[in-house]
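1. Sequence below, structure please.
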Amino acid sequence: MSMPTAGDKSLTLFRALVAAKLNVLAGCVPCCRTECAIESADVWLSVNGLGTGVAASSSAWQDGGECTYWMLDAFNNS
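-> Numbering: from 1, shown residues only. Here you go, the predicted model:
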């Protein structure tokens, strides 16, 4: 988890997803929006692949990954 992302947004999303799943397991109750974000992140990572060098400027990130990341980040930091 402490490995640098080096601009790879698949790693950025992966970290947020793992943190969200651990928060749920620790007893944090997710809202419907967070549950959808967790599911979306799982799908996004299955399509785009972990460690594949997804750039912030890519359509994959801008059209779905980024929004999902921010939803997970809000849950993890609330």
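2. Is Val47 within a helix or a strand, and which one?
-> Remark: Val47 resides in helix 32-48, with elements defined by DSSP states H and E.
3. how about that helix: buried residues?
-> 34, 37-38, 40-41, 44-45, 48 (16 or more other CB atoms under 10 Å). Every residue, glycine included, has its C-beta placed from N, CA and C.
4. what helices or strands is the next helix-or-strand element following it leaning on?
-> Where DSSP H and E defines the elements, the next helix or strand beyond helix 32-48 is helix 59-60. With contacts defined as 3 or more CB pairs under 8 Å, 6 or more residues apart in numbering; DSSP states H and E, helix 59-60 has these neighbours: helix 32-48.
5. center of this structure, which residue is that?
-> The structure's the chain has its C-alpha centroid closest to Leu13; by CA atoms, centre = their mean the separation is 3.0 Å.
6. Wait, it touches Thr68, no?
-> Yes - taking contacts as CB atoms under 8 Å, Leu13 lies within contact range of Thr68: 6.6 Å.
7. what do the two both touch?
-> Counting by CB atoms under 8 Å, 6 or more residues apart in numbering, the common neighbours of Leu13 and Thr68 are 41, 44.
8. For stretch 11-23, C-alpha coordinates in CSV please.
-> Extracted in CSV, the C-alpha atoms of stretch 11-23 (Å, rounded to 0.1, in the frame of the first residue of the first chain):
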residue,chain,number,x,y,z
LEU,A,11,-3.0,1.8,-8.1
THR,A,12,-4.6,5.0,-6.7
LEU,A,13,-8.1,3.5,-7.1
PHE,A,14,-6.9,0.1,-5.7
ARG,A,15,-5.6,1.8,-2.5
ALA,A,16,-8.9,3.6,-2.0
LEU,A,17,-10.9,0.4,-2.7
VAL,A,18,-8.9,-1.7,-0.2
ALA,A,19,-9.3,1.0,2.5
ALA,A,20,-13.0,1.2,1.9
LYS,A,21,-13.4,-2.6,2.1
LEU,A,22,-11.4,-2.7,5.3
ASN,A,23,-13.5,0.2,6.8
